[in-house]
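Visitor: kindly generate the corresponding structure for this input.
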Amino acid sequence: MKHQGIHDVIVIGAGIIGISIALKLQSEGLQVLVLERKGVAAETSAGNAGAFAFADVVPLATPGIMKKAPKWLFDPLGPLSLRPAYAFNILPWMLRFWRASRADRYQAALVAQANLMALSKDALERQIRAVNGEALIRREGQLQLYEGKAEFQASLASWQTRKEHGVIFELLESPEAIENIQPGIHPRFTHGGYTPEWKNVVDPAQWTQHLADQFQKNGGRIITSEAYRIDFKENIVELKSDSCDYQCRNLVIAAGAWSKTLAQSVGDNLPLDTERGYNTTLPAQDFPLKTHITFAHHGFVVSKVGEGIRVGGAVEFAGLKLKPNYRRADVLLQKAASFLPDLDIRFGKQWMGFRPSLPDSLPVIDYSSKSKRIIYAFGHGHLGLTQSAGTAELVSDLLAEKKPQIPMKAYSAARFL
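Guide: Numbers count the residues shown, from 1 in each chain. Presented below is the predicted three-dimensional model:
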């Protein structure tokens, strides 16, 4: 069945990236339709830690990381693990990851990450004002913790990098200094770094829904339908879904982990894979969580979500199809109970989500190689919420063929093609 009319823009994906793009394009006077296979924030955008991690400018692919990787990858419950059944599938991605960690490529990726963070930080404030969203933002900082002086000293280079890119922080060198910011942490954590400008949303699903509600209030439409094929001509893009056929002048693919097959249907084979994340959301309790806590060496965070507390993180390479291993969520929860002795870990709800990741830790924000009427916006890894407002502004620039606010080469699809 052919849908009536030609849309200015169709955005595939109603996660935080897709909804932010739709809202921004709508504000530019365009008529926008969003297609989503499950619903608003029904996938990864609902279950993240709710953090705007603008201080995290250092890419995951850092020099020397591959020396540590074997020990991590084959610990099934460690902070970074590889499911044996997926080892062959992830090998090409890992080879690209290794190349991206070389010193020359790492420096370029660091600059690109910092540029996108700086833009996204400013863009978020513009977005908050535009949707009257201040009530859904927590401005409570972040505390990154270390066990012992050696672990802390090993982190100092990364703090220096943050300083060079304008991140404000305070280094803490005693349990007492940590206690002044966040009570209830086990004294094994002797050092830390506090980033006071760090922000969180009250609830990531609620924030995405708030943006979607604003988009719909302004006349936008969100339809639950799974797109599976894209055809394009000189002046039009045709989209087939499981419920209807659509036509548009411009198409934005922002479907997170499910973007790879859509890009392949266009003719672009991009090395998008997933880093699975696990968490447990605990109900409201008496533990006085005053700030977002990062246990860096253990690969997980503790944050407030709604009235509860969310414990989650770590990375598992296992693709989209293998069953979840919720023992990973159990391990994180037990660690949280040990590190925060007064935390009540009963009655939690477990979750697993797919972080859409590219091997150099940077997203693709670019035209398709096949048509400038098709724009890609995916692959943000752990930073989808963080970079959503900035990505929306860059997509708006690309669609209008304006000069983007930051250099765009590092986010090009061509770097993989």
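
Visitor: where does pLDDT dip in the stretch 251-400 of the chain?
Guide: Within the stretch 251-400 of the chain, not a single segment meets pLDDT under 70.

Visitor: show me where it has its strands.
Guide: Ranges of strands in the stretch 251-400 of the chain, per DSSP state E, counting those that start in this stretch, are 273-282, 292-295, 300-305, 308-317, 349-357, 364-367, 374-378.

Visitor: name the stretch among the ones you listed that sits most buried.
Guide: Stretch with highest mean neighbour count among the strands of the stretch 251-400 of the chain: strand 374-378 (a mean of 27; mean count of other C-beta atoms under 10 Å). C-beta coordinates here come from the backbone N, C-alpha and C atoms, glycine included.

Visitor: out of the strands of the stretch 251-400 of the chain, which gets nearest to residue 214?
Guide: Proximity to residue 214 (C-beta to C-beta) singles out strand 374-378 among the strands of the stretch 251-400 of the chain, at 19.1 Å.

Visitor: strand partners of that closest one, parallel vs antiparallel please.
Guide: strand 245-253 (parallel), strand 364-367 (antiparallel) (DSSP bridges).

Visitor: among these, which comes closest to residue 190?
Guide: Closest of the strands paired with strand 374-378 to residue 190 is strand 364-367, at 40.4 Å (criterion: C-beta to C-beta).

Visitor: can you give the distance of the closest one from its chain's centre?
Guide: Relative to its chain's centre, strand 364-367 lies at 16 Å (C-alpha atoms, centre = their mean, to the nearest Å).

Visitor: I'd like the numbering to begin with 18 instead of 1 from here.
Guide: Renumbered: residue one is now 18, and that last one reads strand 381-384.

Visitor: quick check: residue 179 touching residue 186?
Guide: Yes: in this structure, residue 179 is within contact of residue 186 by C-beta atoms under 8 Å, at 6.4 Å.

Visitor: what touches both of these two?
Guide: Residues touching both residue 179 and residue 186 by C-beta atoms under 8 Å, 6 or more residues apart in numbering: residue 72.

Visitor: circling back: how about the strands of the stretch 268-417 of the chain in a markdown table, adding distance to residue 345?
Guide: Compiled in a markdown table, those are given as follows (distance: least, C-beta to C-beta, whole Å):
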| stretch | distance to residue 345 |
| --- | --- |
| strand 290-299 | 5 |
| strand 309-312 | 15 |
| strand 317-322 | 10 |
| strand 325-334 | 6 |
| strand 366-374 | 8 |
| strand 381-384 | 28 |
| strand 391-395 | 24 |
